[in-house]
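*Asks:* Got a predicted structure plus its sequence, pasted below:
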Amino acid sequence: MDFPNLTCIDVTQLPHSLQALIDCIGIDNAYQLTCAYGGRPKYIPKHRERTKLADVLPPAALDALIKRFAGVALEIPKADHFLRQLRNQQIQKESANGLSRSLLADKYGLSLRQIGNIRRQEAHAR
């Protein structure tokens with residue numbers, strides 16, 4: 001699986017549940033968790049030996065997750081939140097470089113309206 005560069009992600013634009021995960025285990029580990037379990041609940045046990053999360057997370061991240069969420073079934077957000085933000089940033093960059101809405105819509109499989117909305121988001125962010 002390709003691991004995207006998450007350094008340009010604006011964490012404040014992500015859902016609060018995802019922000020809490022990032023705060024607890026870091027953005028890279030949160031991304032790994034969303035790729036493995038996104039869109040469904042995952043029970044966080046009180047003991048690391050009782051979970052397959054060790055296959056996804058390094059020991060320090062798993063310990064931090066258990067310390068904060070032990071005994072809770074977390075609804076793990078989907079990785080789409082990361083990927084959509086990265087896609088939108090790429091669209092804004094290519095738009096600034098002169099690509100037309102029509103070309104961007106074809107390239108990303110989006111409507112002209114969606115491309116326009118993404119371009120406007122950048123204008124409002126400034």
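*Replies:* Structure's in. What do you need?

*Asks:* Excluding chain neighbours, give the residue nearest to Leu110 in space.
*Replies:* Leu104 (7.4 Å; C-beta to C-beta, 6 or more residues apart in numbering). The C-beta positions use only the backbone N, C-alpha and C, and glycine is treated the same way.

*Asks:* Likewise for Ser95?
*Replies:* Arg119 (5.3 Å).

*Asks:* so how far is the host helix or strand of the residue nearest to Leu110 off the chain centroid?
*Replies:* Assessed by DSSP states H and E, Leu104 sits inside helix 101-108. Computed by C-alpha atoms, centre = their mean, to the nearest Å, the chain-centroid distance of helix 101-108 equals 23 Å.

*Asks:* helices or strands next to it in the packing?
*Replies:* helix 80-96, helix 112-125 (3 or more C-beta pairs under 8 Å, 6 or more residues apart in numbering; DSSP states H and E).

*Asks:* Quick check: the residue nearest the centre of the chain vs Pro41, distance?
*Replies:* For the chain, Phe82 is the residue whose C-alpha lies nearest the centre (C-alpha atoms, centre = their mean; 2.7 Å). The gap separating Phe82 from Pro41 is 19 Å, by C-beta to C-beta, to the nearest Å.
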